[in-house]
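>>> curious how this folds, go ahead:
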Amino acid sequence: FGHKGPAVFPTRPDDTFYILGVANSHMAEYLLQGLTSFGSWEVGVIKRLPIPKPSKSQHQVISKCAQSIHDEKAAWDEGNETSTRFVQPWLLRRLDAAPAAALGAALDRLAQDEVEHESLIGRRYGDINDEVYGAYGVPASTREEIEATLGERPPEILWPQMEGKTAEQKRMEHVWRLLSYSVKRVLEADDDGIV
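Below you'll find the model as predicted:
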């Protein structure tokens, strides 16, 4: 983080996912656009963002939804070689789960996994927005105006590097990543004198 990448440090650890949820809501985006000039969210702008005092229920729902989104993306990143969370390629993980599965079936299941996880994330964002509007006390008519002002929001996706790619291109990327990973493992083993 820095002056162009502001960070928020909650004073109570229990508020971490609550603040994360609020800060990623449509309402927060709308408020921040009103507080900033030239489209830059400087430290002072983030500091002035009013965070609503939620009911216990609102706090729980927003926190749980934000944590669920975080956890879904973190789990997905365990298959992304460019992530610090990387464990092994998505395809290898899918094949390990069902070793008898054919490669094509594993690729089909990976595509389905991505759709299911993105759908869950979309629902969680919807729940966050519902609760955040409620926490701010925004009536439905005002919410409609805010969302019309913000315009169409891009969907949250798990694999931004492949946004807009076809299903076939994603399948090929999965196979390529598996091959790349396998070659690197063989080379590492060779360097260690194992092969």
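>>> when you work out contacts or count neighbours from here on, use the C-alpha atoms and nothing else.
Will do.
>>> residues of stretch 106-125 that come out buried?
For stretch 106-125, the neighbour count (16 or more other CA atoms under 10 Å) marks 106-107, 110, 117-118, 120-122, 124-125 as buried.
>>> P160: which of the residues you listed is nearest?
Distances from P160 to the buried residues of stretch 106-125, taken as CA to CA, are shortest for E118 (11.4 Å).
>>> do you know how far that closest one is from R124?
Distance from E118 to R124, counting by CA to CA, to the nearest Å: 10 Å.
>>> restricted to helices, list the buried residues of stretch 106-125.
Of the positions in these, 106-107, 110, 117-118, 120-122, 124-125 sit in helices, assigned by DSSP state H.
>>> among those residues, which one lies nearest to H174?
For these, the minimum distance to H174 (CA to CA) is 7.7 Å, reached by L107.
>>> in a markdown table, list the ones in helices among the buried residues of stretch 106-125 along with distance to S37 and pLDDT.
Below are these laid out as a markdown table (distance: CA to CA, whole Å; pLDDT from 0 to 100):
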| residue | distance to S37 | pLDDT |
| --- | --- | --- |
| A106 | 48 | 89 |
| L107 | 46 | 92 |
| L110 | 42 | 91 |
| H117 | 35 | 94 |
| E118 | 32 | 93 |
| L120 | 34 | 95 |
| I121 | 30 | 95 |
| G122 | 29 | 94 |
| R124 | 30 | 97 |
| Y125 | 26 | 96 |
